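S.K.: I'll drop the sequence and a predicted model, then ask my questions.
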Amino acid sequence: MSPTDSPAARLQALFEGHRLTPTQRRIAHSMVRRAADVPFLSSVELAELAGVSQPSVTRFAVALGFDGYPALRRHLREVAPAEQPAAETGAFNEYQQAVEAEIENLKHLAEALADPRPVQRAGRVLAASRPLPVLGLRAAAAQAHGFAYFAAKVHPDVRLLNEGGTMLQDRIDGAVRAGATALLCFALPRHPREVVDTLGYAREAGLTVVTVADSAFAPVAKVSDLLLPAAVGTGLAFDTACAPMLLGRVLLEAMCDDLPDAQARLEEFDARAAARGLFVE
């Protein structure tokens, strides 16, 4: 089975083109993450998996054009059959299970990257923006900071926006006046309303919004021009974000491919770092 023909990919294709409510997006996201199991779950079990009510699952099925959840489940058994069952996880403790879940998230990311065109397109858009604002608030602040740190080594003007407040829109205005054409956003749950509002403002200001989010159905999807999904892990008290971090590095690589002087900048940095004794050998 090819990566683009996986159960998760077929589920994703089923949801695309539908205007889903936040609750329905949560159900869809849960289904994609458990694509192999979903065709055999009852509406009650799916509701428990997504953390929603059973009537919400029924309304979700109707929103997709089915008479009800049984019709949706029959369809899923035809178009998204289960893969080979995964290894039993009963022998894993809760910490190991969290790691195993992140490994699955990375596998899903690898499947998505089988088609590199969305990332390549995003890389071109970001490379062309001078300056390049990078937004990430609260849980996503670390992702934005990490991307901006490395991007600044190859991009001539990276502007990190990792603190909210009334100055945020002012800084976007300043970036636009300086010539910015795009904005990169990292958006992770729980999604701050301020991020959604800021992305809407950025688009109104003429910026192309590229977003790395935890799901194609995240609240920021409606205010993003290019959305690149990478799931977070939810097995611990606080979400883990290995896949979004790796996707950020992949996006950085794609951006470097469209910055002709990226390698020269890196070599210049290495030479200066050696002269200053910056790193311990």
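M.R.: Yep, that arrived.
S.K.: Buried residues, stretch 259-272. List them.
M.R.: Under the neighbour-count criterion of 16 or more other CB atoms under 10 Å, stretch 259-272 has 259, 262, 265 buried. Using the backbone N, CA and C atoms, a C-beta is placed for each residue, glycine as well.
S.K.: With secondary structure and pLDDT as added columns, please give the residues you listed in CSV.
M.R.: Formatted as CSV, the buried residues of stretch 259-272 follow (DSSP: H, G, I helix; E, B strand; the rest coil; pLDDT from 0 to 100):
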residue, secondary structure, pLDDT
Leu259, coil, 92
Ala262, helix, 88
Arg265, helix, 90
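S.K.: What is the nearest of those to Pro133?
M.R.: Nearest to Pro133 among these, counting by CB to CB, is Leu259 at 16.6 Å.
S.K.: Look up how far Ala127 lies from that closest one.
M.R.: As judged by CB to CB, to the nearest Å, Leu259 and Ala127 stand 5 Å apart.
S.K.: One more: Phe269?
M.R.: Note on Phe269: its distance to Ala127, by CB to CB, is 18 Å.
S.K.: Need the overlap of contacts for Leu259 and Ala127.
M.R.: His155 (CB atoms under 8 Å, 6 or more residues apart in numbering).
S.K.: the strands in the stretch 151-281 of the chain, which residues?
M.R.: In the stretch 151-281 of the chain, the strands defined using DSSP state E, counting those that start in this stretch lie at 158-161, 182-187, 208-213, 226-229.
S.K.: want to throw these into CSV with mean pLDDT?
M.R.: Output for these, formatted as CSV (pLDDT from 0 to 100):
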stretch, mean pLDDT
strand 158-161, 98
strand 182-187, 98
strand 208-213, 98
strand 226-229, 96
